[in-house]
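[1] sharing a model that was predicted from the sequence below.
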Amino acid sequence: MTRMIRIFDTTLRDGEQSPGASMNVEEKVMVAKQLARLGVDIIEAGFAYSSPGDFEAVRRIAQEVEGPTICSLARARPEDIDRAWEALKGAPKVRIHTFLSTSDIHLKHQFRMTREEAKKRAVEMVQRARGYVDDVEFSPMDASRSDAAYLYEVIEAVISAGAGTVNIPDTVGYAIPQEFGKLIRGIREHVPNSGKAVISVHCHNDLGLAVANSLAAVIEGAGQVECTINGIGERAGNTSLEEIAMGLRTRKDLYQADTKIHTEEISKTSRLVSKITGMVVQPNKAIVGANAFAHTSGIHQDGLLKDKTTYEIMRPESIGLVESKMVMGKLSGRHAFRQRLEELGYKLTDEEINHAFDRFKKLADHKKEIYEEDLEVIVSEELAKMADRITLKSFSVKSGTDQVPTATVELEVEGKAISQTGTGDGPVDAVYRTIAAITQTKSKLLMYVVKAITGGTDAQGEVSVRVQEDGRTVSGHGADTDIITASARAYLSALNKLANLAAKQAQGEQKVNLI
Ligand code: MN
């Protein structure tokens with residue numbers, strides 16, 4: 001019989017902890033809606049206590065995203081649990097996920113608690129969370145480095161206290177598959193009430209083994225895997241969702257397990273998360289890398305032409321990789337635009353449609369055929385921009401072989417129009433220097449990349465930048481048929497994120513070690 005493994009997506013919480021990957025509330029809601037289309041069982045939407053921005057993201061996702069259970073992380077402290085509940089209340093399917101370390105190293109040096117105190121606290125906080133919701137998850141942090149007998153004791157106690165899911169994290173990415181599988185088997189064999197809870201796993205990829213460890217755990221009875229899109233996350237990242245989903249689906253014969261993931265949405269979800277976070281996917285990445293389905297060897301190609309199954313263990317269509325199709329043109333109206341977006345899975349409000357439609361019309365003036373990927377970019381950028389403090393009104397730039405590149409830029413900063421002229425080494429540099437002068441940013445540009453979204457010389461160029469100030473790193477993105485416009489948009493989106501992040505920290509964001 002095939003067991004169904006729950007997919008717990010933590011792209012918006014653990015994934016967002018990667019340097020430079022911070023997302024604003026609009027972007028998080030957009031990713032959450034796509035995760036719902038992908039069919040994940042649980043979305044960890046954030047850590048509500050950590051900042052007003054995280055609280056708002058959890059609250060809005062809980063209110064607006066249909067399908068998956070929406071979860072907030074909370075440390076094992078009453079104020080954290082209460083705040084998680086405030087963000088989640090009123091929504092139909094919610095979970096509180098609380099955690100506390102069980103390793104002697106953490107208890108002694110970080111928490112300054114005895115084993116008995118930690119167990120008591122874990123039980124009390126699970127009970128407190130159960131006072132609010134039926135669905136509570138507990139994670140013994142640093143489980144893979146904890147004393148096994150003590151770990152079993154804590155797990156038994158939290159299950160008795162009402163935790164329906166117990167998640168075993170390999171917080172530091174130290175475990176190897178055989179060992180991690182044994183840990184899960186040990187829990188199932190030695191914790192008398194373990195059958196009353198779903199055993200989950202949360203692995204990190206420091207040794208490149210997050211997916212292997214998670215699959216080893218599934219073989220030993222784990223019923224939930226925590227993962228992120230494209231495997232993003234702290235340090236070397238988390239378990240990659242697409243690899244787990246396709247691994248289980250492709251080798252169902254061996255695992256006797258599967259997930260409810262609609263794999264045809266994988267490619268689209270991967271593109272969206274990569275664009276929003278600025279975390280570029282390596283070309284040779286399994287499943288979602290640009291080369292993952294590119295067979296170049298002559299012998300392989302010959303075999304594929306004769307029969308697809310000769311060298312192809314998965315079909316590109318199964319992850320939604322299909323040839324780009326023209327979906328709209330210059331004459332398409334607002335109604336058709338709305339309908340097409342709905343077919344692509346985007347349900348927007350009237351105000352959002354208006355923003356996106358204006359942008360679409362401008363694009364259609366320059367580009368004859370509009371592809372699905374173009375619409376994705378328009379929607380994601382326009383929605384993210386609605387929260388921006390600084391927006392681009394207009395600019396003009398002069399450059400050529402015999403003149404100093406000069407830009408005039410008009411920005412709207414909190415409702416006020418400001419315009420200025422400046423020069424640079426080239427047209428992009430001139431625009432960037434002028435924007436920097438208007439906004440008085442002290443940030444440093446770390447990375448600037450341009451790529452084409454679809455084929456053809458009228459394709460939109462997509463610019464990704466990475467910007468740093470006071471130890472904070474953010475990424476920005478912008479797209480247009482004119483790459484200087486795309487560049488300006490990318491830079492402004494990064495500057496807006498920097499301002500958000502600075503505000504978040506000024507409001508006292510909690511900097512804590514998380515699982
Ligand atoms: Mn983690």
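    Good, I have the coordinates.

[2] find the nearest non-adjacent residue to Glu243, please.
    Val211 (4.7 Å; C-beta to C-beta, 6 or more residues apart in numbering). In short, each C-beta sits where N, CA and C put it, glycine included.

[3] give the contact list for the one you found.
    Taking C-beta atoms under 8 Å, 6 or more residues apart in numbering, we find Val211 in contact with Cys203, Asn205, Gly231, Thr239, Ser240, Glu243, Ile244, Gly247.

[4] which stretches of the stretch 401-515 of the chain form strands?
    For the stretch 401-515 of the chain, applying DSSP state E, counting those that start in this stretch gives strands covering 403-413, 416-423, 444-452, 461-469, 472-480.

[5] returning to what we had before: adding secondary structure, write the contacts of Val211 out as TSV.
    Listed next are the contacts of Val211 as TSV, based on DSSP: H, G, I helix; E, B strand; the rest coil:
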residue	secondary structure
Cys203	strand
Asn205	coil
Gly231	helix
Thr239	coil
Ser240	strand
Glu243	helix
Ile244	helix
Gly247	helix
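
[6] okay if I get these as CSV plus neighbour count and pLDDT?
    As requested, the contacts of Val211 are exported to CSV (neighbours: other C-beta atoms under 10 Å; pLDDT from 0 to 100):
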residue, neighbour count, pLDDT
Cys203, 30, 97
Asn205, 22, 97
Gly231, 28, 98
Thr239, 29, 98
Ser240, 26, 98
Glu243, 21, 98
Ile244, 24, 98
Gly247, 22, 98
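
[7] just send these back as a markdown table, with distance to Lys361 too.
    Formatted as a markdown table, the contacts of Val211 follow (distance: C-beta to C-beta, whole Å):
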| residue | distance to Lys361 |
| --- | --- |
| Cys203 | 46 |
| Asn205 | 43 |
| Gly231 | 38 |
| Thr239 | 42 |
| Ser240 | 38 |
| Glu243 | 40 |
| Ile244 | 41 |
| Gly247 | 43 |
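
[8] farthest-separated two in those?
    Greatest spatial distance in these: Asn205 and Gly247, 14.6 Å, computed using C-beta to C-beta.

[9] list the contacts of Val154.
    Neighbouring residues of Val154 by C-beta under 8 Å, 6+ apart: Thr102, Ala118, Lys119, Ala122, Pro140.

[10] wait, is it part of a helix?
    Yes: according to three-state DSSP, Val154 belongs to a helix.

[11] relative to the whole chain's centre, how far out is the helix or strand harbouring Ile168?
    Counting by DSSP states H and E, the element that carries Ile168 is strand 165-170. Once both centres are worked out by C-alpha atoms, centre = their mean, to the nearest Å, strand 165-170 turns out to sit 20 Å from its chain's centre.

[12] pLDDT weak spots in the protein?
    Where the chain drops to pLDDT under 70, the residues are 296, 508-513.

[13] domain map for it?
    According to automatic domain parsing, the chain comprises the domains 3-277, 292-322, 326-385, 390-506.

[14] rebuild the ones you listed as a markdown table, extending it with distance to Ala286.
    Below are the domains of the chain laid out as a markdown table (distance: least, C-beta to C-beta, whole Å):
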| stretch | distance to Ala286 |
| --- | --- |
| domain 3-277 | 5 |
| domain 292-322 | 6 |
| domain 326-385 | 22 |
| domain 390-506 | 21 |
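
[15] max-length helix in this protein?
    With secondary structure taken from DSSP state H, the chain has its longest helix at helix 483-506.

[16] buried residues in that helix, which are they?
    The neighbour-count check on helix 483-506 (16 or more other C-beta atoms under 10 Å) flags 483-501, 504 as buried.

[17] now stretch 196-211
    By 16+ other C-beta under 10 Å, the buried positions in stretch 196-211 come out as 197-207, 209-211.

[18] of the residues you listed, which belong to strands?
    Residues of those located in strands (DSSP state E): Val198, Ile199, Ser200, Val201, His202, Cys203.

[19] please report the distance of Ala502 from Leu215.
    Noted for Ala502: a distance of 41 Å to Leu215, by C-beta to C-beta, to the nearest Å.

[20] roughly how far apart are the residue lying closest to Gln63 once chain neighbours are set aside and Asn193?
    Leaving aside its chain neighbours, Gln63 sits nearest to Ala91 (5.9 Å; criterion: C-beta to C-beta, 6+ apart). Per C-beta to C-beta, Ala91 is found 29 Å from Asn193.

[21] likewise Phe47?
    28 Å.

[22] for burial, what's the neighbour tally of Asp9?
    Number of residues near Asp9 (other C-beta atoms under 10 Å) recorded here: 30.

[23] which residue, other than its chain neighbours, is closest to it?
    Residue nearest to Asp9 in three dimensions, not counting chain neighbours: Val40, with 4.3 Å by C-beta to C-beta, 6+ apart.

[24] tell me, how many residues neighbour the one you found?
    Neighbourhood size, Val40 [other C-beta under 10 Å]: 29.

[25] quick one: residues contacting it.
    The contact partners of Val40, taken as C-beta under 8 Å, 6+ apart, are Ile7, Phe8, Asp9, Pro68, Leu241, Ile261.

[26] quick one: what helix or strand has it in it?
    Here Val40 is assigned to no helix or strand, by DSSP H and E.

[27] do Glu189 as well
    helix 177-190.
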